[in-house]
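Undergrad: Here is the input, now give the coordinates:
(one chain, ligands or ions: 2)
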Amino acid sequence: MSAPDDPDRGLPPDSKLTTTKRQWAETRKFITGRPARPGADRLPPGQHLVRDWPVLDLGLQPDIPLHRWMLDVDGAVESRAHWTFDGFTALPQSTVTTDIHCVTTWSRYDNRFEGVLTADLLEAVRPTAEARHVILHAYDGYTTNVTLQDFAAPDALLAHSFDGQPLTKAHGGPVRLVIPHLYFWKSAKWISRIEFVGDDHPGFWEVRGYHNRGDPWAEQRYSDDGGEDDPGI
Ligand SMILES: Nc1nc2c(c(=O)[nH]1)N[C@H]1C(S)=C(S)[C@@H](COP(=O)(O)O)O[C@H]1N2
Ligand SMILES: [Mo]
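TA: Numbers count the residues shown, from 1 in each chain. Ligands and ions are numbered 1, 2, ... in the order given. Down below sits the predicted model:
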C-alpha cells in the first residue's frame, strides 16, 4: 500500500526502509484518532509476542546481596525514605499480572509480579506539590525518567518477585520497577534511588534518541515519533 504522500515511494518494496519504517508509519496511521487501546487488540502496534523472557541491559549486572540492598526515596517529598530490604517488604504487598512491551518489539503476556505498588510508596513518602517528574536510578548507573502521573499508574510496582520466586539478578533483582503501560526501558532494574523533581531530566536512553515518554500504544519509540511529552529533539 502506498499513499500519495508516502515518503518511501519509489524505493524498492523490499528495502529495509520500506519494510520497517513504512510498516510502523502505517500502523501509527491506523491508530491516529482512535482510542489508545482499541477494543480486543492486546498487542501494541509493531510488537510480536514471545514466550521466553529476553534479558536486556547495559551488559553489567550488579550483584547486590539482600542485606546490602537499600532504596532511597528523596527529592520533592514530605517524608524521605531509606529502606532496607526488610523495611521495604514491610510495606503493603501486592501482586500484579500484566503484559510487558519492549521497544525492541517483543511483548510478553501475563507476567506475575509481586512487590510494592508505586501508589503505596507514594502514600508513604507523600510527594510535595512541586513534584512533577520521577527519576529512577539503578545500581548499574542506569537512569530513566517518567512523569509523576505515569509513575503513579495503578498497576505500576516495585517488584521483588516474579511468578512466586525472588526476581533473578538478570531481570533486576533484588528489586526492579515495572511500569506496564510504558516501553520496558522505563522499568529500571536493580533500582537504588527514586528521586522526585520539578523539572524533567531525560535518562540514559532518553538522551540517546529514545522517546521521552515511550507509550507502546502510540508507538513512541524514538524521540521524533511525536505524541505528548515529546521533547522534539
Ligand atoms: N538498571 C537498568 N535497568 C534497565 C536496563 C538497564 O540497562 N539497566 N535496561 C532497560 C531495558 S532497555 C529493557 S528492555 C528492560 C529489560 O528488562 P529484562 O532484562 O528483565 O527483560 O530493562 C530496562 N531496565
Ligand atoms: Mo529495551
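Undergrad: Parallel or antiparallel, list what pairs with the longest strand anywhere in the chain.
TA: Ranked by number of residues, the top strand in the chain under DSSP state E is strand 106-117. Using DSSP bridges, the strands paired with strand 106-117 in its sheet are strand 48-49 (parallel), strand 94-101 (antiparallel), strand 157-162 (antiparallel).
Undergrad: Now tell me what touches the second one from outside.
TA: For strand 94-101, the surrounding residues in contact (Cβ atoms under 8 Å, 6 or more residues apart in numbering) are 42, 44, 47, 107-117, 120, 155, 157, 159, 178, 180, 183-184, 187, 216. All C-beta atoms are positioned from the backbone trio N, CA, C, and that covers glycine.
Undergrad: what's near enough to touch the residue nearest the centre of the chain?
TA: The residue lying closest to the centre of the chain (Cα atoms, centre = their mean) is Lys186, at 2.7 Å. The contact partners of Lys186, by Cβ under 8 Å, 6+ apart, come to 136, 144, 146, 150, 177, 179, 214.
Undergrad: rewinding a little: which among the strands paired with strand 106-117 is found nearest to Glu206?
TA: The closest of the strands paired with strand 106-117 to Glu206 is strand 94-101. By Cβ to Cβ, the value is 16.9 Å.
Undergrad: ok, and for that closest one, which residues are buried?
TA: Using 16 or more other Cβ atoms under 10 Å as the burial criterion, the residues of strand 94-101 that qualify are 96, 98-101.
Undergrad: same deal with stretch 74-92?
TA: For stretch 74-92, burial by neighbour count (16+ other Cβ under 10 Å) applies to 75-77, 81, 83, 85, 88-89, 91.
Undergrad: Now do that stretch, average pLDDT.
TA: For stretch 74-92, mean pLDDT is 98.
Undergrad: Look at that stretch and report the distance between its end residues.
TA: 20 Å (Cα to Cα, to the nearest Å).
Undergrad: Kindly report the residues of this structure close to ligand 2.
TA: For the chain, the residues in contact with ligand 2 under the definition Cβ under 5 Å from the ion are 56, 102, 185.
Undergrad: I'd say the first one and Val103 touch.
TA: No: with contacts counted by Cβ atoms under 8 Å, Leu56 stays clear of Val103, the gap being 9.3 Å.
Undergrad: what touches both of these two?
TA: What both Leu56 and Val103 touch, as defined by Cβ under 8 Å, 6+ apart, is the set Phe184.
Undergrad: So between the two, which is more surrounded?
TA: Looking at Leu56 and Val103 with other Cβ atoms under 10 Å, you find the greater number of neighbours at Val103, namely 22 against 14.
Undergrad: How is the more buried one assigned, secondary-structure-wise?
TA: What DSSP: H, G, I helix; E, B strand; the rest coil gives for Val103 is coil.
Undergrad: Just confirm it contacts Ser187, I think it does.
TA: No: with contact defined as Cβ under 8 Å, Val103 does not count as touching Ser187 (11.4 Å).
Undergrad: okay, how far is it across stretch 153-167, tip to tip?
TA: Using Cα to Cα, the gap from the first to the last residue of stretch 153-167 comes to 21 Å.
Undergrad: do the same with stretch 174-187
TA: According to Cα to Cα, stretch 174-187 extends 14 Å from its N-terminal end residue to its C-terminal end residue.
Undergrad: pLDDT-wise, which helix or strand of this protein ranks last?
TA: Evaluated with mean pLDDT, DSSP states H and E, the helix-and-strand set of the chain has its lowest mean pLDDT in helix 23-31, which scores a mean of 38.
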